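Visitor: build the 3D model from these lines:
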Amino acid sequence: MGYISNEPKTFINIKLTDVGRRQLSLGNLRFINAVISDREINYGIDRDENYNIENNRILSPVDVEPNFSINFDGTDAIPLQGNQIVSAKQFATGTTGSFGFFSGTTNLSGNTFVDTSKTLGVNTISYSTSSIDGSNVITLDSNIPNDYFPNVGELVFIPWEPIQNSGQTYMNYAVDIDNPTVSLFYRVADVDSTASTITLDRPIPDFGGISTPQTINTYFYPFDGVETFYGTAATVDPQVWNMNIIRTQSVIGTDLASPDYTYYGSIEYNGTKTYLGFTDNIEALGVIHYTNAFTGNTYAEQLVEKTVRVDLPYVMWHNIPVDNGEGLNYGLTLYDAFGETQLDSASNTTFRDLRDGVSENSTIVGRIYHKLKILVITDQELLTALTYKSNRNYTLPPLQLNLSSTPKFPLSTSQASGFTKANKTYFVTYVSESEPTYTPGVSFGYPKTLHCGYVKRIDGAVDDFGNSQYLSATFPTNSFPYLRSSANMDASSPFSGTGWNSNKIQLLVSEQDLVEDQEIQISDIPSDSWKLISNVSGNGIYTGDTTDLTINPNKLNGYQFIISQNDYDSGSTYVLDTIFTDYDTVSNTGLTFGHESFVYGNIKSDILATTFKTVITSFAENDSYNSSLNSTYDNENDINTYITEVGILDGENNLVAVGKPTYPIKKNEGRFLTFQLQIDF
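Guide: Predicted coordinates:
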């Protein structure tokens with residue numbers, strides 16, 4: 001039992017009693033009558049006029065308040081009628097911090113740091129002692145304070161530094177935004193503490209075993225730990241967001257011998273995809289939600305429109321206003337500021353587009369359902385960059401498809417047959433490859449990566465003479481800001497050691513029958529129906545000019561693929577490399593698609609709380625309640641009564657709510673009092 005906080009003026013503090021809360025839980029809570037009491041008054045204390053009862057303090061209302069059902073003067077309870085009970089809706093807004101895995105400011109300011117309080121621990125890799133040779137094994141250092149050695153099954157994030165960055169050492173946990181490099185998540189498959197080595201779920205880069213003085217950080221995180229490790233408040237300030245990348249179809253290139261989508265992580269969220277109205281026609285859906293049940297109501301009841309910001313510091317996004325090959329700052333920021341609020345008829349709530357900017361020209365990458373406090377990523381390439389198994393944190397641009405009546409010069413129609421047919425439709429994407437081992441000016445030595453997540457479609461056609469058309473594919477202007485030419489990989493270049501490189505771009509095509517009155521969707525395409533296009537009589541592969549050691553982004557951007565029937569026929573079936581498909585479905589070790597469980601970034605938003613206020617009005621008229629049954633009251637000597645409680649009764653005279661003022665409220669024949677009791681729900 002406590003006292004109501006001292007306030008500069010009298011107010012009434014009201015709360016539901018245990019009986020009232022039980023009735024509320026049963027759906028039976030009703031406010032029928034009001035009753036007033038003076039049971040906390042000793043009228044005899046001021047008859048010598050040395051003390052003023054109005055200075056008394058009133059106890060705070062408690063859950064199990066002793067029942068009373070008549071007024072202190074002996075009259076019956078006061079019926080509550082008409083507009084004496086009304087409901088009002090009120091809003092309160094606030095701003096959250098930028099919560100997630102990073103501290104400092106934003107990813108564009110240069111002051112972003114990995115928040116090590118959200119990690120299991122940190123260690124380092126020194127290239128002089130750990131051979132970065134394309135194997136699955138790395139050697140951890142033990143020369144930093146509080147260095148961490150992981151357990152099997154944990155995640156490790158490694159921001160790699162290629163050989164060209166020789167001598168660079170990162171020890172302050174900063175995100176070096178002007179040094180964009182391939183940064184990847186792995187899962188620890190085995191540990192050898194005696195040798196300080198850990199085995200990862202798939203190969204690391206192959207820097208040729210070259211020993212350099214580089215030292216890089218490794219950050220360890222719990223696997224699938226948002227609801228457990230972070231959700232139980234086991235860390236300091238654990239406000240991190242879940243992200244589940246849901247796939248309800250197998251990834252392109254999955255053959256019948258590999259685990260299909262039913263074995264993917266996050267498959268248990270497939271109902272969320274349906275709930276939000278997304279069908280299987282969208283290959284992957286990234287659902288971002290807040291599931292930290294033990295950290296308080298951080299985000300209140302909903303997010304405020306046009307205030308949401310998502311920072312992803314380690315993403316190299318292709319859609320930035322930078323010339324080919326000259327992107328030097330990485331990190332992607334997403335907003336909901338531009339556009340109109342729309343209604344989602346499936347979930348019956350509103351959403352706004354999530355974009356990579358705040359203008360009409362910005363690209364839509366997803367949605368924000370503010371009332372549900374859910375963000376979704378629909379952009380398939382962004383999801384690919386956020387997928388651990390993709391082996392890349394950079395995105396690739398979409399293809400632009402057209403039909404051509406002639407093959408690639410210098411071929412003629414007599415040398416190469418047209419490809420597309422009027423009764424067929426074609427789905428097209430591509431894969432980028434580089435040499436697997438570091439070679440100066442040729443390759444950074446990063447391992448294989450997943451194909452482009454953008455799949456384009458075009459229906460086949462014939463010309464006026466009935467001849468099959470050729471399939472043409474190009475790229476949008478300036479769509480390779482982080483792709484490095486051999487010149488920009490040179491040690492003298494300001495871009496040396498940054499970005500990514502490619503030695504081969506190869507088209508992938510799936511040819512499907514057009515069925516009358518049926519719309520063919522990507523969900524209808526078997527994952528093993530894709531072909532890698534060859535260069536027999538046309539060009540399904542681009543490897544750069546003969547003078548290029550690696551593909552020049554400007555030349556690639558200006559290149560036109562034109563595919564003939566010969567190219568398609570001589571192509572081979574596209575099968576995902578085992579580094580993408582290896583997964584023990586029995587012991588659930590390693591990583592597979594969908595095993596992402598958190599957003600490796602920060603989210604900031606204003607928040608909105610809605611309160612429904614019940615206002616109960618009761619009156620103490622001037623000719624009422626001017627005497628009392630209180631044992632200390634004296635009819636001859638006491639000219640005032642004092643009100644210390646206003647009770648609310650249900651239809652069975654149960655005390656379901658009680659309100660108490662800070663100080664006693666004086667009542668006499670000259671005072672007509674109105675009480676307004678407000679209960680928030």
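Visitor: drop to CA atoms for contacts and neighbour counts, all remaining ones
Guide: Will do.
Visitor: from residue 359, how far off is residue 335?
Guide: Using Cα to Cα, to the nearest Å, residue 335 is found at 10 Å from residue 359.
Visitor: looking at these two, which has the bigger crowd around it?
Guide: Between residue 335 and residue 359, residue 335 has the larger neighbour count (other Cα atoms under 10 Å), namely 26 against 12.
Visitor: which residues touch that one?
Guide: Counting by Cα atoms under 8 Å, 6 or more residues apart in numbering, residue 335 makes contact with 306-310, 354-358.
Visitor: the closest residue to residue 681 other than its chain neighbours: which element?
Guide: Among residues not flanking residue 681 along the chain, residue 612 sits closest, at 5.1 Å (Cα to Cα, 6 or more residues apart in numbering). Assessed by DSSP states H and E, residue 612 sits inside strand 606-620.
Visitor: what are the phi and psi angles of residue 82?
Guide: phi 50, psi -130 (degrees, to the nearest 10).
Visitor: the residue nearest the centre of the chain and residue 602, how far apart?
Guide: Nearest residue to the geometric centre of the chain (Cα atoms, centre = their mean): residue 288, 3.2 Å. Separation of residue 288 from residue 602 (Cα to Cα) stands at 11 Å.
Visitor: same thing with residue 181?
Guide: Separation of residue 181 from residue 602 (Cα to Cα): 20 Å.
Visitor: over to residue 468?
Guide: Residue 468 is 51 Å from residue 602, by Cα to Cα.
Visitor: if we can go back for a sec, give me the number of residues near the residue nearest to residue 681?
Guide: Per other Cα under 10 Å, the neighbour tally for residue 612 reads 14.
Visitor: excluding chain neighbours, what is closest to residue 242?
Guide: residue 598 (4.1 Å).
Visitor: and for residue 673?
Guide: The shortest distance from residue 673 to any non-neighbouring residue, by Cα to Cα, 6+ apart, is to residue 620 (4.9 Å).
Visitor: residue 515 now?
Guide: Nearest residue to residue 515, sequence neighbours excluded (Cα to Cα, 6+ apart): residue 423, at 8.0 Å.
Visitor: what does the pLDDT read for the one you found?
Guide: On pLDDT, residue 423 comes in at 91.
Visitor: in the worst-scoring helix or strand of the chain on mean pLDDT, what's buried?
Guide: Ranking every helix and strand in the chain by mean pLDDT, DSSP states H and E puts strand 85-95 at the bottom, with a mean of 79. For strand 85-95, burial by neighbour count (16 or more other Cα atoms under 10 Å) applies to residue 85.
Visitor: ok, stretch 354-374 next?
Guide: Going by neighbour count (16+ other Cα under 10 Å), the buried part of stretch 354-374 is 354-358, 362-370, 373-374.
Visitor: number of nearby residues for the residue nearest to residue 242?
Guide: 23.
Visitor: pretty sure it sits against residue 223.
Guide: No - with contact defined as Cα atoms under 8 Å, residue 598 does not reach residue 223; the gap is 9.6 Å.
Visitor: do me a favour and get the end-to-end distance for stretch 178-186?
Guide: Criterion Cα to Cα; first-to-last residue distance in stretch 178-186 is 24 Å.
Visitor: what about that stretch, average pLDDT?
Guide: 96.
Visitor: would you enumerate the residues in contact with the closest residue to residue 544 other than its chain neighbours?
Guide: Among residues not flanking residue 544 along the chain, residue 551 sits closest, at 4.9 Å (Cα to Cα, 6+ apart). By Cα under 8 Å, 6+ apart, the contact set of residue 551 is 484-486, 501-504, 543-545.
Visitor: now do the phi/psi pair for residue 551.
Guide: Dihedral pair for residue 551: phi -60, psi 130, per degrees, to the nearest 10.
Visitor: what distance do you get for it to residue 668?
Guide: Counting by Cα to Cα - residue 551 and residue 668 are separated by 94 Å.
Visitor: ditto for residue 411
Guide: For residue 411, the distance to residue 668 (Cα to Cα) stands at 108 Å.
Visitor: quick check on residue 271: phi, psi?
Guide: Main-chain torsions, residue 271, degrees, to the nearest 10: phi -70, psi -30.
Visitor: so what's the residue count around it?
Guide: 12.
Visitor: now swap in residue 573 and tell me
Guide: 17.
Visitor: could you find the closest non-adjacent residue to it?
Guide: Leaving aside its sequence neighbours, residue 573 sits nearest to residue 531 (Cα to Cα, 6+ apart; 4.4 Å).
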